[in-house]
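Engineer: predicted model follows, preceded by the sequence.
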Amino acid sequence: MPAGQSPEPAGGAVGAPAADTEATAASTVETVVADAFRQEWGRITAALIHQTGDWDLAEECAQDAFAQALRRWPGDGVPNRPGAWLMTVARNGAIDRLRRSSTYHAKVEEMAVMASRETGTGDPEPGADDSGVADERLRLIFTCCHPALALEARVALTLRTLTGLGTAEIARAFLVPEATMAKRLVRAKQKIAHARIPYRVPPASALPQRVPGVLAVLYLVFNEGYAASAGDDLIRRDLCDRAIALAQLLAELLPAEPEAKGLLALMLFQHARQAARVNDRGDLVTLEDQDRARWDQARIGLARRHLEDALAARRPGQYLIQAAIAACHAAAPTALATDWPRIARLYQHLADLTGSPVVELNRAVAVAMADGPAAGLALLQRLEPAGALAGYYLLPATRADFLRRLGRHQEAASAYEQAAALAGTGPERRFLNARLAEARAQDRSV
Amino acid sequence: MQYMLIHAGAPDLDWAWDDEAWAALTSWLDEAIGSGVSIEGSPLRLDADATTVKVRDGQLIVTDGPYAETKEQVAGYDVIECAGLEEATGWAGRHPHSWMGAVEVRALVGGAPAVHLPAPRAGQTRYMMLVCTDPAVGPQEVASMESADAWAAEMDGRGIRLFGSELEPPSAARTVRVRERRAIVTDGPFVETKEQVAGFDVLECADLDEAIEAAAKHPMARVGIVEVRPFRPLGDD
């Protein structure tokens, strides 16, 4: 068969969609391809990396497969099993490329044998490998999250290979130039190759050590989806859903690890509030102002069950405690009914566990709700001199809020100004500017 | 007497290795190997491929990067056998690393002498394990450290450790830099970091996890810092 052409996988294709116009057909296909991309990118990349050991090749072949889908499906129709089609095309592309490189001759034969052994749908048998890993992506994520890689490299590699986010998008998400992010990804893959970081799920004995590193990456990914630090899109649903799906997978594989369930519960609690977080104008709605009727109770119920399971292990952990805090919010039918003293106590536990200044900041917020803004301000005044939160917009934003509630509008205005200057996203900056305008108005009217 | 030559240079000058430097390296190797002076040696991957291992309060801490963040980084090593320090320093001064960066000369102390290493086994990777002091750990804790003999015996038995040795203290080191064809020899290590190399081992492992496991078991992992850096095949880009 001519190089570059791939056979159609068995399974056939549906007839061409009944389309009014070509444009409609094309945009329907685009939607299908976009959905397939979200579902399948990570699986395809993981499978190809496992089979070829070549990360760049895996990405390029996955990319090509989706490009081919966009070209061919409008005319040929969308296959019955888009994932299988894409996997086969990607794998054949990899075989083609490797065939041209003589040093990979043995690899090509190995891949061809693997491909012919499969049933022709392109799906590998579940659990077909010796480590009992049901999902190829687990190998990929443990490798991406290996502690020998710098945290920022782990996050970048996880996003690139598991979610298919482009280098430019990841760069924007982390406020670095695209060239920097590209270099970071190249370096990470080079380290994996040079230092021989093994491509596998760690042995059972090593899992308790390795899991926190993975959780940290997943939580970073989720947070990027939950509150983007740049651009006007406050919520990146893709990232939240993907982070949740991966946390789910991890929780299933590691039933003895309460933090995996803790993280999953935390993400679900937070994600449940998604519909209420941003109003129709794209402005940020604070927790106290959110329409709780818009909270996803199904997600909250699921989160609660995971939290209860995790708490049964009686092992404190940072995600577990944060999930318990989120559960307090979820349990309150109105903002006024929130059990702030309990939340403040939970933040104290969390601060003791992590020593994190951001946690101390959140604790100050909870204390202000439980005991009044003056108490919160006193905590901030102890926290600020250490300078650990310099440049973090929520510090002046929090101070501004306490001052506003104390009627100290001039000081509040100056703090809102500081916060707005530091804030990243459109909705957050708009919110702070609105509060700034109010504070100035209040100050003038006094 | 056996000496370790620690080749150091700024990683971003990796590209600066021109034909002259490569030619000088080739002739240095020819001469050193031919005369029986060179026992073993290898270039190492850049510091970006290094991994640091510590054990604190029973917790394994693995981080990306070398044992210390300095402008000049360890780039390779040689173990040579010669009559004394003067001769060793002479060899260091003729090595191209002395003008590309610096070459530190330090005697091996105690233990069996280095011998030529066998060819690497297929599918295995060689790592330089640098055993370093941690300034944050008090001298009493360091003094209470058990000997590394049991560790060495275990790793030798498993085929993971090929060779290793303690080095004389950094204060006894000599560092050679050749600038404008003049050799400048200074007392002390190539860089005055608080963390200092105290010894080294050459490991041959299936993968980085095995190297990390070996490093974590070394007694110095608990009171010092252990860096694991893959060898760089000669001629590799």
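Structural biologist: Received, thanks.

Engineer: so which residues on the stretch 201-350 of chain A come close to chain B?
Structural biologist: A:202, A:206, A:209 (C-beta under 8 Å from any C-beta of the partner chain). Any C-beta I mention is one placed from the backbone N, CA and C, and that applies to glycine too.

Engineer: list buried residues within those residues.
Structural biologist: A:Pro202 (16 or more other C-beta atoms under 10 Å in any protein chain shown).

Engineer: which among the residues of the stretch 201-350 of chain A next to chain B gets closest to chain B?
Structural biologist: Closest approach between these and chain B, by C-beta to the nearest C-beta: A:Gln209, at 6.0 Å.

Engineer: and the closest one, what element?
Structural biologist: Following DSSP states H and E, the helix or strand that holds A:Gln209 is helix A:207-226.

Engineer: residues contacting A:Leu207?
Structural biologist: A:254, A:257 (C-beta atoms under 8 Å, 6 or more residues apart in numbering or on different chains).

Engineer: where does the prediction get shaky in the chain?
Structural biologist: You didn't pick a chain, so chain A it is. Along chain A, the model assigns pLDDT under 70 to residues A:1-26, A:102-134, A:173, A:227-238, A:446.

Engineer: should've been chain B
Structural biologist: For chain B, applying pLDDT under 70 flags the ranges B:235-237.

Engineer: near chain A, which residues of it are found?
Structural biologist: B:45, B:48-51, B:60, B:62-65, B:125, B:205-209, B:212, B:228, B:230, B:232.

Engineer: filter these down to the buried ones, ChimeraX style.
Structural biologist: Selection of buried members from these for ChimeraX, criterion 16+ other C-beta under 10 Å:
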select /B:45,48,49,50,51,60,62,63,64,125,205,207,208,209,212,228,230,232
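
Engineer: remind me what the helix or strand where A:Leu353 lies packs against, helices and strands.
Structural biologist: Taking DSSP H and E as the definition, A:Leu353 sits inside helix A:340-354. Here helix A:340-354 touches helix A:318-331, helix A:357-371, going by 3 or more C-beta pairs under 8 Å, 6 or more residues apart in numbering or on different chains; DSSP states H and E.

Engineer: tell me which of these sits nearest to A:His306.
Structural biologist: Closest to A:His306 of these is helix A:318-331 (C-beta to C-beta; 7.8 Å).

Engineer: now the most far-flung residue of chain B relative to its centre: how far from B:Val228?
Structural biologist: Ranking residues of chain B by C-alpha distance from their mean position (C-alpha atoms, centre = their mean) puts B:Asp57 at the top, at 27.1 Å. Per C-beta to C-beta, to the nearest Å, B:Asp57 is found 21 Å from B:Val228.

Engineer: coming back round to it: from the residues of chain B next to chain A, which land in strands?
Structural biologist: Judged by DSSP state E, the subset of the residues of chain B next to chain A located in strands is B:51, B:60, B:62-64, B:125, B:205, B:228, B:230.

Engineer: kindly reformat those as TSV containing distance to B:Trp99.
Structural biologist: Output for these, formatted as TSV (distance: C-beta to C-beta, whole Å):
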residue	distance to B:Trp99
B:Thr51	29
B:Leu60	40
B:Val62	35
B:Thr63	32
B:Asp64	30
B:Thr125	30
B:Cys205	33
B:Val228	29
B:Pro230	25
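
Engineer: give me the contacts around the helix holding A:Leu353.
Structural biologist: A:316-318, A:321-322, A:324-325, A:328-329, A:356, A:359-360, A:362-363, A:366-367, A:369-371.

Engineer: just stretch B:150-167 next, same as before
Structural biologist: In contact with stretch B:150-167 (C-beta under 8 Å, 6+ apart) are residues B:2, B:4, B:40, B:106-111, B:114-115, B:117-118, B:126, B:129, B:197-205, B:210, B:214, B:217-219.

Engineer: drop anything exposed from these.
Structural biologist: For the contacts of stretch B:150-167, buried by 16+ other C-beta under 10 Å: B:2, B:4, B:106-108, B:114, B:117, B:126, B:129, B:197-205, B:210, B:214, B:217-219.

Engineer: many thanks, I have nothing further to ask.
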